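Trainee: mind looking at a prediction? Sequence and model below.
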Amino acid sequence: MDRQLGTIIKIDDLRAIWPHEANDFSKWLSREENLKLLGDTIGIDIVLEERESPVGGFNVDLFASEEGTNRKIIIENQLEDTNHDHLGKIITYASGKDAEVIIWIVKRARDEHKQAIEWLNQHTDGNIGFFLLEIELWKINDSLPAPKFNIVERPNDWAKTMKAAEGLSDTQKLQLDFWQAFADYAFTKETFKQQFSRRKPQPQHWYDLSVGSSALHISLTANTQKKRIGAEIYINDDKSIFEKLQAQKSEIEGELETVLEWREANKACRVLALTGGDIKKGPDVWNDYFDWFCDMAVKLKGVVHRLG
């Protein structure tokens, strides 16, 4: 029996769906599920801060931050071919907002602007990244249109990582190798992969995981001096969240089957689970640490979600 299949149709007129960039497209993109689609495409967890955010006498379409790091993000939308005017805008807005991630979304990227973004990525340090993306709309027969982001230019992470690696200490190189191995391992685990988005490993003692809120995140740690690893809920600056968690201390510790450390500071507060772990012993023992991280991270996210 022959199955009837649909026909994929590209919608060339984006303004038939989004007539106005600010009132329609930016409003659509600002919704959490659509920012997640964009974030999944470029590998960054994006949290909206403000639409039409002022920069001097101008407004950037979307001002956001990266969850877990609070890196500032600007997003400029252009439902037409790229032009010099918008290229100047993204640089102006990035400067005004002190942004580290700059995202330019367009209908079609001209060659000269692809080259300009490539040049900017080659001549900025590892803290600054420019993304140029094309937005498309597709449907199957008479279905609802579906958006698709295509990356045209992105930061040259490989080159920047290689450049940065030249100045890394032995400990930093170990940390980078450890977290890279963790990400490669953890995101093959279905339960973990369903709960978290992969982030780029860095040469540092922690690896952050998003929980869907800019107020807090889960942080995994590896202390080479004290030879221990940890998993924690890191609360940026909201004592009320810490107090709600502390009110359920017995239940949470029972669920995690461990005694937690509850650290309250002037701003950031932390709820930590710690166990022995010496990453200097090498890859032969790392998988045991990775399994512990995965188990604790999933449990901690469950605790956070019950708070609402």
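Mentor: Received, thanks.

Trainee: so where's this protein uncertain?
Mentor: Scanning the chain for pLDDT under 70 picks out the ranges 1, 68-69, 157-167, 308.

Trainee: strand partners (parallel or antiparallel) of whichever strand in it runs longest?
Mentor: In the chain, with assignment by DSSP state E, the single longest strand is strand 129-140. According to DSSP bridges, strand 129-140 forms sheet pairs with strand 8-11 (antiparallel), strand 101-108 (parallel), strand 146-153 (antiparallel).

Trainee: chain center to the first one: distance?
Mentor: Taking C-alpha atoms, centre = their mean, to the nearest Å, one finds the center of strand 8-11 at 30 Å from the center of the full chain.

Trainee: what's that strand in contact with?
Mentor: Outside strand 8-11, the residues that touch it by C-beta atoms under 8 Å, 6 or more residues apart in numbering are 17, 136-141, 145. Any C-beta I mention is one placed from the backbone N, CA and C, and that applies to glycine too.

Trainee: what's the first helix or strand after that strand?
Mentor: Following strand 8-11 in sequence order, the next helix or strand is helix 27-29 (DSSP states H and E).

Trainee: now E136: closest residue in space, sequence neighbours ignored.
Mentor: In space, and not counting its chain neighbours, E136 is closest to K148: 4.6 Å by C-beta to C-beta, 6 or more residues apart in numbering.

Trainee: surely E232 touches V211?
Mentor: No: assessed by C-beta atoms under 8 Å, E232 is found out of contact with V211, at 11.9 Å.

Trainee: shared neighbours of those two, anything?
Mentor: Common neighbours of E232 and V211 (C-beta under 8 Å, 6+ apart) are I218.

Trainee: dump the strands paired with strand 129-140 into TSV; add mean neighbour count and distance to D24 as well.
Mentor: As requested, the strands paired with strand 129-140 are arranged in TSV below (neighbours: other C-beta atoms under 10 Å; distance: least, C-beta to C-beta, whole Å):
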stretch	mean neighbour count	distance to D24
strand 8-11	12	14
strand 101-108	22	13
strand 146-153	16	13
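
Trainee: now the ones you listed as a markdown table including distance to N236?
Mentor: Shown next, in a markdown table, are the strands paired with strand 129-140 (distance: least, C-beta to C-beta, whole Å):
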| stretch | distance to N236 |
| --- | --- |
| strand 8-11 | 40 |
| strand 101-108 | 18 |
| strand 146-153 | 28 |
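
Trainee: let me know which of these is the nearest to T124.
Mentor: strand 101-108 (9.7 Å; C-beta to C-beta).

Trainee: what about L168, which SS state?
Mentor: Secondary structure for L168, judged by DSSP: H, G, I helix; E, B strand; the rest coil, is coil.

Trainee: any idea how far the nearest residue to it once chain neighbours are set aside lies from S219?
Mentor: Excluding the flanking residues, the one nearest L168 by C-beta to C-beta, 6+ apart is P203, at 5.4 Å. Distance, P203 to S219, using C-beta to C-beta, to the nearest Å: 16 Å.

Trainee: V259 too?
Mentor: On the measure of C-beta to C-beta, V259 and S219 end up 19 Å apart.

Trainee: who has more neighbours out of the two?
Mentor: Using other C-beta atoms under 10 Å, the more surrounded residue of V259 and S219 is S219, with 20 against 10.

Trainee: run through the residues that contact the more buried one.
Mentor: The contact partners of S219, taken as C-beta under 8 Å, 6+ apart, are 68, 206-209, 231-232, 234.

Trainee: from those, which single one is nearest N223?
Mentor: When the contacts of S219 are compared for distance to N223 (C-beta to C-beta), W206 wins out at 9.7 Å.

Trainee: shouldn't the residue nearest to L168 be within a strand?
Mentor: No: applying three-state DSSP, one finds P203 to be coil, outside a strand.

Trainee: burial count for it?
Mentor: 20.

Trainee: against A181, how distant is E264?
Mentor: Taking C-beta to C-beta, one finds E264 at 33 Å from A181.

Trainee: who's more crowded, those two?
Mentor: A181 (17 against 13).
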